[in-house]
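Visitor: Starting from these lines, generate the structure:
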Amino acid sequence: MQHNYSYQSALETSERIAWRVEDLIGGDKKLDFTRPFMPESLAQIKQLSFLTRAEQLTLNQIRGHEYLSMFGLVEEFILPYVVEHARPQLSGDDYRVRALLQFAGEEAKHIHLFKRFRQEFENGFGSKCAFIGPAEDVSRFVLSHSPLGVGIAILHIEWITLRHYIEGVRDNQDLDPQFKSLLKNHWLEESQHTKLDTLIVESVVDGASAKEIDQAFQEYAEIGGFIDNGIKQQAELELENFEQATGRKLSSSEREEMSAALLKGMRWTYLGTGMTHPNFLASVEAIKPEARKQIEEMAPAFC
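Guide: Residues are numbered from 1 along each chain as shown. So this is what the prediction gives:
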């Protein structure tokens, strides 16, 4: 793979940008429910013309809750994956050991951050939003696959975090500053995780046979299909979350239109933005050029 990543540089950067959960949320650091949380490029709800502006804002914030809840969910399997990868490598390259342990510690911190966000959200939003799970079942399914298959899926997830922030959040002045702060600090650390996960995938590929590489990409597709099924379930939950929050009973045609918009937005957010990310595709091509072509052929269904 063509890159200049190293364990030492990732560790040094992570140590410079370190933050605490308590610095980002809680106390006087409150969410502003008069402003949207998500950029429209990800939310994709303004097309729902039957909603009032206030209802669009509510649905945007519900999608914000879903967004950070989703990342909290995936961090639950990224953490044990990194720990298991690091376990047999706790000697030798000191920078590698420290960087991998730092990676694991930051993922644990992100899980804590997203739990605190959900608490703050529920306190200020006024109603509870349902979310798919449980996390244990999701982790069990994902981690039942090979280390390379899971590593490729995680690399996809790491790159979408960066893309979302850079393309839709960083320069967006309409969003709640507190929600932007959560996304910014998550992005700062995930920027190093993309590098570390690239190095992890690279090390696993080095010992893999052609058959194992083929299997890994089949597993990447299986994990993607599993996520897509979860997205479909969450789209239905979002309808219920919206009706509970607004007290509005959607008609059958409105439910159908909103469900389609939510499904399209979520597929782009969690699948399409990764499957079309140039850095992710470059890593895929370095492993197996044919796999890049296959992913590019599948991507339009999620864009």
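
Visitor: okay, CA-based contacts and neighbour counts for the rest of this
Guide: OK.

Visitor: State whether residue 224 is indeed within a helix.
Guide: Yes - per DSSP: H, G, I helix; E, B strand; the rest coil, residue 224 lies within a helix segment.

Visitor: tell me the contacts of it?
Guide: Taking C-alpha atoms under 8 Å, 6 or more residues apart in numbering, we find residue 224 in contact with 153, 271.

Visitor: Against residue 117, how distant is it?
Guide: Relative to residue 117, residue 224 is positioned 26 Å away (criterion: C-alpha to C-alpha, to the nearest Å).

Visitor: So for the residue nearest to residue 267 when sequence neighbours are not counted, what's the pLDDT?
Guide: In space, and not counting its chain neighbours, residue 267 is closest to residue 302: 5.1 Å by C-alpha to C-alpha, 6 or more residues apart in numbering. If you check residue 302, the pLDDT there is 96.

Visitor: I figured residue 302 was touching residue 272, is that so?
Guide: Yes - contact criterion C-alpha atoms under 8 Å: residue 302 and residue 272 qualify, at 4.8 Å.

Visitor: Distance check, the nearest residue to residue 19 once chain neighbours are set aside against residue 206.
Guide: Nearest in space to residue 19, with sequence neighbours left out and distances taken as C-alpha to C-alpha, 6+ apart, is residue 185 at 7.7 Å. Distance of residue 185 to residue 206, computed by C-alpha to C-alpha: 32 Å.

Visitor: same thing with residue 129?
Guide: 44 Å.

Visitor: Compare these two (neighbour count), which wins?
Guide: Taking other C-alpha atoms under 10 Å, residue 129 and residue 206 do not tie; residue 129 has more neighbours (20 against 9).

Visitor: quick one on the thing from earlier: check the residue nearest to residue 19 and give its pLDDT.
Guide: What the model reports as pLDDT for residue 185 is 96.

Visitor: give me the element the most centrally placed residue in the chain is part of.
Guide: Geometric centre of the chain, nearest residue: residue 71, 4.3 Å, by C-alpha atoms, centre = their mean. Per DSSP states H and E, residue 71 falls inside helix 53-86.

Visitor: mind listing what's buried in that helix?
Guide: 55-82, 86 (16 or more other C-alpha atoms under 10 Å).
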